[in-house]
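Asker: Pasted the sequence and its predicted model underneath.
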Amino acid sequence: MLSEFRDVIFTTAWFGLMTMVWCGWAQESPARGWRVPLIVGSVAGVLLAAGFGVWTGLSWGMPTALEGRYATFGVVVAAEVLAAGVGALVLVRRGQSRWIAWWVAMVVAVHFLSLSGIFGGWVLTALAIVQVVGLAALVAPLRRTEAPTSRWVGPLMGVTIFAAALVLGVGALVGAA
């Protein structure tokens, strides 16, 4: 798990929100029969975000692994945002905007490795590995279609992030008992 309890519940809430975002992005051009599961995923993510978000607010005075590392965390997040944005701009200029979801997902996946160094815990490392491998495996099939990459990347990211949120959330609930 993560090194501090507040970080676990905040990350669970954040991952719930990100589940909604990725399932929502996949609805840009969903595969046949995927719209309802994507909506269910989005709603489940919002519910997880709301519940653990309230718990995070109630636990704000607890310790965090960011204590003394806020600048490092800020640099890591800024680098991710910059890499995602610059990559997206390059893809648009090259007429390859359908690859933006894949690129952003890869930046996010690699970002989890950096965060695992800051927060500790195997969940972020495992999540990063599963996502990087999954995204790499999608490249060949994505090249054979003209559909936006969000069609397949959104569900991959949504499901893996939601699974990590469940692991963290259950750990938090058990730890709080």
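Answerer: That came through fine. Residues are numbered from 1 along each chain as shown.

Asker: can you tell me which residues contact T125?
Answerer: Going by C-beta atoms under 8 Å, 6 or more residues apart in numbering, T125 touches 112-113, 116. (Each C-beta comes from the backbone N, C-alpha and C, glycine too.)

Asker: ok, now which ones touch V8?
Answerer: The neighbourhood of V8, defined by C-beta under 8 Å, 6+ apart, consists of 1-2, 168, 171-172, 175.

Asker: who wins for neighbours among these?
Answerer: L168 (27 neighbours; other C-beta atoms under 10 Å).

Asker: Not including adjacent chain positions, what is the nearest residue to that one?
Answerer: Nearest residue to L168, sequence neighbours excluded (C-beta to C-beta, 6 or more residues apart in numbering): T12, at 4.5 Å.

Asker: ok, now L38?
Answerer: C23 (4.6 Å).

Asker: in which helix or strand would I find the one you found?
Answerer: Applying DSSP states H and E as the criterion places C23 in helix 5-26.

Asker: What are the buried residues along the helix or strand hosting G169?
Answerer: Using DSSP H and E, G169 sits in helix 150-176. Neighbour counts over helix 150-176 (16 or more other C-beta atoms under 10 Å) mark 150-169, 171-172 as buried.

Asker: Residue ranges in this protein under the pLDDT threshold?
Answerer: Counting by pLDDT under 70, the ranges of the chain that qualify are 1, 176-177.

Asker: what do you get if the cut-off is 90, keeping everything else the same?
Answerer: Applying pLDDT under 90 to the chain flags the ranges 1-5, 31, 117-121, 175-177.

Asker: can you pull out the helices in it?
Answerer: All helices of the chain, identified by DSSP state H, fall at 5-26, 35-58, 70-93, 100-119, 122-143, 150-176.

Asker: Which residue lies closest in space to T11, excluding its sequence neighbours?
Answerer: Per C-beta to C-beta, 6+ apart, closest to T11 is L168, 5.7 Å.

Asker: circling back to that earlier point, adding distance to S97, write the contacts of V8 out as CSV.
Answerer: Formatted as CSV, those follow (distance: C-beta to C-beta, whole Å):
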residue, distance to S97
M1, 38
L2, 35
L168, 33
G171, 39
A172, 38
G175, 43
